[in-house]
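*Asks:* I need the structure of the sequence given here:
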Amino acid sequence: MNMLKQILKDRLAGVSLFIVAITIAAGAFAPWLAPHDPNHIHMELRYAGPSWDFPLGNDHLGRDVLSRLIFGIRPSVLYVFAALLASVCMGAIVGFIAGYFRGRTDAVLMRVVDAMLSFPGYVLTLALIGMLGVGLENILIAFVLSKWAWFARIIRTSVMQIAETDYIKYSKTIGVGHLSIMARHIVPVSLPDIAVIASSAFGSMVLQISGFSFLGLGIQAPHAEWGMMLNEARTVMFSKPELMLAPGLTIILVVSAINFLSDALQGALDPKLMSSKAKFQARTAVSAARLQGKEVA
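*Replies:* Here you go, the predicted structure:
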């Protein structure tokens, strides 16, 4: 609750949290919120403009753009979030084991991680999609397989710092089990770091799945997805630009909200960062006042 209050103190973070919450809720309840079937074809309404029944108009097959936009939340945001959780869990398991036990265990696991990280993220994801085939399920599997190593590397560093503290050493000395130490002492302390890195990766993954779907490698027709909606509308981008604006602006809005919320979460979990930000804002205010010729105490 304290962290939520800290985030809500920032107006931009509060608006971002509202946008993300509304987006997730809309995706979860899409069958009840969408005014029409997103895959129902009305050829007589092909490229029709906005109306009371279809507020955002109709696409090249007469399908309701608003309904497809709402249903597109599921693959673009909700399913990506599930893949993110799976990546974080895999990375956390490897990171905790390597950072806590160190020695030969750490050396072996980190060589595997180094081998995974030696490939650029986009290239590895494309290679996995090429081997697994196109489709939403395969692109989500590719996300998990290509991103767990990055989480493992960062989480390992955090766990190594915590494992060197005196209370962890004391717990080992008095015979507390390794699993008990990790569950009671290391996991709760490292959760803020995990939350920050996960939230920072969330926005980029939403962009990636939209990009891959735009290229035809993600979700396939007739299912709705924001990147695929952009691809379908690009042939009429000059005569019917509103068909590209709807999914394009939605992607920008949601990804920006996720990134702003990630920054606020990092600030709420890192008091040093918050104090530095406050000092910077204070110095900025003083400089602005001096430029305006005002006296500053």
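*Asks:* which helices and strands does the helix or strand containing residue 105 pack with?
*Replies:* Taking DSSP states H and E as the criterion, residue 105 maps to helix 103-117. Judged by 3 or more CB pairs under 8 Å, 6 or more residues apart in numbering; DSSP states H and E, helix 103-117 is in contact with helix 79-101, helix 136-163. From N, CA and C alone the C-beta is placed, and that goes for glycine too.
*Asks:* my read: residue 102 touches residue 160, true?
*Replies:* Yes. Applying CB atoms under 8 Å, one finds residue 102 in contact with residue 160, separated by 7.4 Å.
*Asks:* can you list phi and psi of residue 35 for me?
*Replies:* phi -70, psi -20 (degrees, to the nearest 10).
*Asks:* apologies, that question was intended for residue 64.
*Replies:* Residue torsions, per degrees, to the nearest 10, at residue 64 are phi -70, psi 120.
*Asks:* now residue 59
*Replies:* phi -90, psi -160.
*Asks:* show me the contacts for it.
*Replies:* 47, 65, 68, 229, 232, 233, 243 (CB atoms under 8 Å, 6 or more residues apart in numbering).
*Asks:* the last one belongs to a helix, doesn't it?
*Replies:* Yes. Assessed with DSSP: H, G, I helix; E, B strand; the rest coil, residue 243 lies in a helix.
*Asks:* report the mean confidence score over whichever strand or helix holds residue 26.
*Replies:* Following DSSP H and E, one finds residue 26 within helix 11-28. In this model, helix 11-28 has a mean pLDDT of 90.
*Asks:* what's next to it, contact-wise?
*Replies:* So helix 11-28 is contacted by 7-8, 33, 70, 73-74, 77-78, 81, 253-254, 256-258, 260-261, 263-264 (CB under 8 Å, 6+ apart).
*Asks:* go on, stretch 146-163?
*Replies:* Looking at what lies outside stretch 146-163 - CB under 8 Å, 6+ apart - the contacts are 84, 87-88, 90-92, 94-96, 98-100, 102, 106, 109-110, 112-113, 116-117, 119, 121, 124-125, 128, 168, 185-186, 189-190, 193-194, 197-198, 201, 205.
*Asks:* type out the ChimeraX command that picks the buried ones from the residues you listed.
*Replies:* Of the contacts of stretch 146-163, the buried ones go into a single ChimeraX selection, burial set by 16 or more other CB atoms under 10 Å:
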select :84,87,88,90,91,92,94,95,96,98,99,100,106,109,110,113,116,117,121,124,125,128,168,185,186,190,193,194,197,198,201,205
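*Asks:* pull the contacting residues for the spatially most central residue of the chain.
*Replies:* Geometric centre of the chain, nearest residue: residue 202, 1.1 Å, by CA atoms, centre = their mean. Contacts for residue 202 (CB under 8 Å, 6+ apart) come out as 80, 81, 84, 258, 262.
*Asks:* what's the helix or strand for it?
*Replies:* Going by DSSP H and E, residue 202 is in helix 187-214.
*Asks:* likewise for residue 51?
*Replies:* Counting by DSSP H and E, residue 51 is part of no helix or strand.
*Asks:* where does pLDDT dip in the protein?
*Replies:* Within the chain, the segments meeting pLDDT under 70 span 1-4, 6-7, 270-297.
*Asks:* what is the neighbour count of the closest residue to residue 235 other than its chain neighbours?
*Replies:* Ranked by CB to CB, 6 or more residues apart in numbering and with sequence neighbours excluded, the top spatial neighbour of residue 235 is residue 60, at 7.7 Å. The number of residues packed near residue 60 is 15, by other CB atoms under 10 Å.
*Asks:* in stretch 67-86, what's buried?
*Replies:* Across stretch 67-86, burial judged by 16+ other CB under 10 Å covers 67-77, 79-81, 83-84, 86.
*Asks:* returning to what we had before: got the helices and strands packed on helix 103-117 as TSV, with distance to residue 238 columns?
*Replies:* Listed next are the helices and strands packed on helix 103-117 as TSV, based on distance: least, CB to CB, whole Å:
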stretch	distance to residue 238
helix 79-101	30
helix 136-163	30
